[in-house]
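J.: pasting a predicted model and its sequence here:
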There are 2 protein chains.
Amino acid sequence: MSRVFNFSAGPATLPEAVLEQARDELLDWRGVGASIVELSHRGPEFMAVAAEAEADLRRLLSVTDDYAVLFLAGGATTAQALIPLNIASPGQRVDFVVTGHWGKTSIKQARPYVDAHIAATGEAGGFRDIPPRASWQLSPDAAYVHITANETIHGVEFRDVPDVGAVPLVADFSSSIASEPLDVSKFGVIYAGAQKNLGPVGVTVVILRRDLLERAGQPRADIFDYRSHVKGESMLNTPPTWNWYLAGLVFKWMLAEGGVEEFARRNVRKSTLLYDAIDGSGGFYRNEVAVPARSRMNVPFFLADPALDKAFLAESVEAGLIGLKGHRALGGMRASIYNAMPEKGVHALVDFMGDFRKRHG
Amino acid sequence: MSRVFNFSAGPATLPEAVLEQARDELLDWRGVGASIVELSHRGPEFMAVAAEAEADLRRLLSVTDDYAVLFLAGGATTAQALIPLNIASPGQRVDFVVTGHWGKTSIKQARPYVDAHIAATGEAGGFRDIPPRASWQLSPDAAYVHITANETIHGVEFRDVPDVGAVPLVADFSSSIASEPLDVSKFGVIYAGAQKNLGPVGVTVVILRRDLLERAGQPRADIFDYRSHVKGESMLNTPPTWNWYLAGLVFKWMLAEGGVEEFARRNVRKSTLLYDAIDGSGGFYRNEVAVPARSRMNVPFFLADPALDKAFLAESVEAGLIGLKGHRALGGMRASIYNAMPEKGVHALVDFMGDFRKRHG
């Protein structure tokens, strides 16, 4: 077995220790004689796994009891449809601040249900910066304001939580949750697909201020009703148990490593190392995002000579670095360096980039 | 490692060979140096896994090209909400034939969107039989007729596909798909949560006659639109890759074992053995379902003396048989004997039941 460094944007690399534990107990979970994949979600074994995962996530992110925590199927895109259904009236104004591809997706999902208003967008500038707060055209009667805390494709990240007054702030944290300390109390809803910083694909975390559940929302099936999911403790129907379990192992790993404070330090070190290598390459590599808005999780970069892209990708794989191809919307390269990417992985990438530049520059 | 026989209704037992393969390649999928859980869903590795799984399922169930096959998140309950959104007009009549708990759930999910009409129900008889076809009050203008092919809790199964004329037949096959040959052409939509006969929880199979996609349906988010999922080949957003992969391993296992024809033979043998043990127990055990409607997958049974339930469950666990507790809606016991339950597991159960009866009868 020879593990490579995997810079995929999600599904993404997982802590090796977590995969080893999952492997070792895959056929016999802690002596019960069956896999956790095979056990009833309503049995005492999985119920304990589920409750521990929630408690650990609450500890990790300091989530207070006035917030519900849900573990659901369907990904962040499903949450982008369910949030308007649950906390906006039919046709009500919702303000969107768009800083990249996923902000646009969130509008697409909400549009059948609400008056989706673009309060600000960085699209004219190619999503290379966050529109200044003073330019946002917010609506006092909006059901909520939606932001994308970190744009996985464009590599643009909010460094501070914007003040939007009394209107609840809803944020897609798919690619930056648990990457640094977070003041949950500033948000109405935080949601995140797990497959970047929290574990495996197939489970989505929704952290929801409980008073928002009192809103009538819109006609919807029971399975689309967050109140039912809260009441059913995320087991309204059979939840994705293995995915939830694996996320729980990741939470325990993050806590054991020192929690979000420690990951914030590592993520500053890792992203600084990589951006410095790009900025110090004499233009051989470039990142186009305004420095204060640069993501610590997803680092898109371009080679000055795109004719070298193929060689860069082929040689990086030979060097044991995979998943560096940029999203098709932007081209170029992208290194996703989530919590589970070890510092030595970023060192290996930076070394490779320097070496490649010497050989081809 | 000592594996027990697991009679859980779902999540349910998986083929040991499949779990062993998943374990052996969990840290390094076929030499790429990363887990399949960590690889991009858009990379060549997972794309191949996904395409193979679809091809294998099509082969297993003889699905022709005029049907789309989707691998989605959200479980069968989500499909119960999405089907009316996609193939019924707002408020249009839909006929439901209710033969147990899950038929009622399907109505609950559809009711916000359609005129949910109960064309027939076995509820008055405690869901112990299928209402005779002649008694069904079908509506010629219905968008579709919905049945539950096998009721997991009540243990009631359609042995034949009912003729409902020109109106499309939609069937929840969660707990009996691939348990015997199936004439897909008789259905408009077949859907199934995978966690019973197809593999792990967290992925849902939807087999959809393509002409139904031409229906306008109802206003809905893109992520709720089956047309978008078909166009996006079930990758409209990040799919539950590991779950899809594991289902694919189960499909390969089923094909290697002889396909649905072979499983039909095994399932007749297994269920006959168990029902004979119940019926031949002199009333010590009883199953209340009318013989022609008895499920070959889920066998609920009761002890004549419910005071013995606790001892039965405790002693069965000691005998290496788990998951026999009945659903809380019915009480008593339930043995789910899906494809992955080996015949020796049912023999072990029947032996235990005979032994328990001798000691307590």
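T.: Arrived safely.

J.: pull the residues that contact the host helix or strand of residue A:350.
T.: Element membership of residue A:350 [criterion: DSSP states H and E] is helix A:343-360. The set of residues external to helix A:343-360 that reach it, using C-beta atoms under 8 Å, 6 or more residues apart in numbering or on different chains, is A:5, A:7, A:13, A:266, A:269-270, A:273-274, A:277-278, A:281, A:284-285, A:305, A:308, A:311-312, A:315-316, A:319-321, A:324, A:335, A:337. C-betas here are computed from N, CA, C, even on glycine.

J.: which among those are in contact with chain B?
T.: Among the contacts of helix A:343-360, the residues lying close to chain B (C-beta under 8 Å from any C-beta of the partner chain) are A:13, A:320.

J.: just the ones in helices from the contacts of helix A:343-360, please.
T.: Per DSSP state H, helices hold the following members of these: A:266, A:269, A:270, A:273, A:274, A:277, A:278, A:311, A:312, A:315, A:316.

J.: which pair of those residues spans the longest distance?
T.: A:266 and A:311 (30.5 Å; C-beta to C-beta).

J.: for the stretch 151-300 of chain A, just list every one of the helices.
T.: A:226-231, A:241-257, A:259-279 (DSSP state H, counting those that start in this stretch).

J.: quick one: closest of the ones you listed to residue B:174.
T.: Comparing these against residue B:174 with C-beta to C-beta, the closest turns out to be helix A:241-257 (15.6 Å).

J.: using PDB, list the CA coordinates for that closest one.
T.: Provided in PDB are the C-alpha atoms of helix A:241-257 (Å, rounded to 0.1, in the frame of the first residue of the first chain):
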ATOM      1  CA  THR A 241     -25.600   5.400   8.500                       C
ATOM      2  CA  TRP A 242     -22.100   4.500   7.300                       C
ATOM      3  CA  ASN A 243     -21.500   8.100   6.100                       C
ATOM      4  CA  TRP A 244     -22.700   9.500   9.400                       C
ATOM      5  CA  TYR A 245     -20.500   7.000  11.300                       C
ATOM      6  CA  LEU A 246     -17.400   7.900   9.200                       C
ATOM      7  CA  ALA A 247     -18.100  11.700   9.800                       C
ATOM      8  CA  GLY A 248     -18.200  10.900  13.500                       C
ATOM      9  CA  LEU A 249     -14.800   9.200  13.300                       C
ATOM     10  CA  VAL A 250     -13.500  12.400  11.600                       C
ATOM     11  CA  PHE A 251     -15.000  14.600  14.400                       C
ATOM     12  CA  LYS A 252     -13.200  12.500  17.000                       C
ATOM     13  CA  TRP A 253      -9.900  12.700  15.000                       C
ATOM     14  CA  MET A 254     -10.300  16.500  14.800                       C
ATOM     15  CA  LEU A 255     -11.000  16.800  18.500                       C
ATOM     16  CA  ALA A 256      -8.000  14.600  19.300                       C
ATOM     17  CA  GLU A 257      -5.700  16.700  17.100                       C
END
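
J.: orientation of it relative to helix A:259-279 in degrees?
T.: Helix A:241-257 runs at 90 degrees relative to helix A:259-279, counting by axes from the mean of the first three to the mean of the last three C-alpha atoms, to 10 degrees.

J.: where does the residue in the stretch 51-200 of chain A positioned nearest to chain B fall, secondary structure wise?
T.: Closest residue of the stretch 51-200 of chain A to chain B, C-beta to the nearest C-beta: residue A:81 (3.5 Å). In the assignment (DSSP H and E), residue A:81 maps to helix A:75-87.

J.: picking that back up, are any of the ones in helices among the contacts of helix A:343-360 buried, and if so which?
T.: The neighbour count (16 or more other C-beta atoms under 10 Å in any protein chain shown) marks A:266, A:270, A:274, A:277, A:278, A:312, A:315, A:316 as buried among those.

J.: could you dump those to a markdown table with distance to residue A:100?
T.: Below are these laid out as a markdown table (distance: C-beta to C-beta, whole Å):
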| residue | distance to residue A:100 |
| --- | --- |
| A:266 | 24 |
| A:270 | 21 |
| A:274 | 19 |
| A:277 | 23 |
| A:278 | 19 |
| A:312 | 23 |
| A:315 | 29 |
| A:316 | 24 |
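
J.: reformat those residues as TSV; add pLDDT.
T.: Formatted as TSV, those follow (pLDDT from 0 to 100):
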residue	pLDDT
A:266	98
A:270	98
A:274	98
A:277	98
A:278	98
A:312	98
A:315	98
A:316	98
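
J.: residue contacts, residue A:303?
T.: Residues counted as contacts of residue A:303 (C-beta under 8 Å, 6+ apart) are A:284, A:285, A:309, A:312, A:332, A:333.

J.: between those residues, which is nearest residue B:154?
T.: For those, the residue nearest residue B:154 by C-beta to C-beta is residue A:333; the value is 55.8 Å.

J.: partner residues bridging the closest one?
T.: residue A:301, residue A:325 (DSSP bridges).

J.: which residues sit in contact with it?
T.: Residue A:333 is in contact with A:300, A:301, A:302, A:303, A:309, A:312, A:313, A:324, A:325, A:326, counting by C-beta under 8 Å, 6+ apart.
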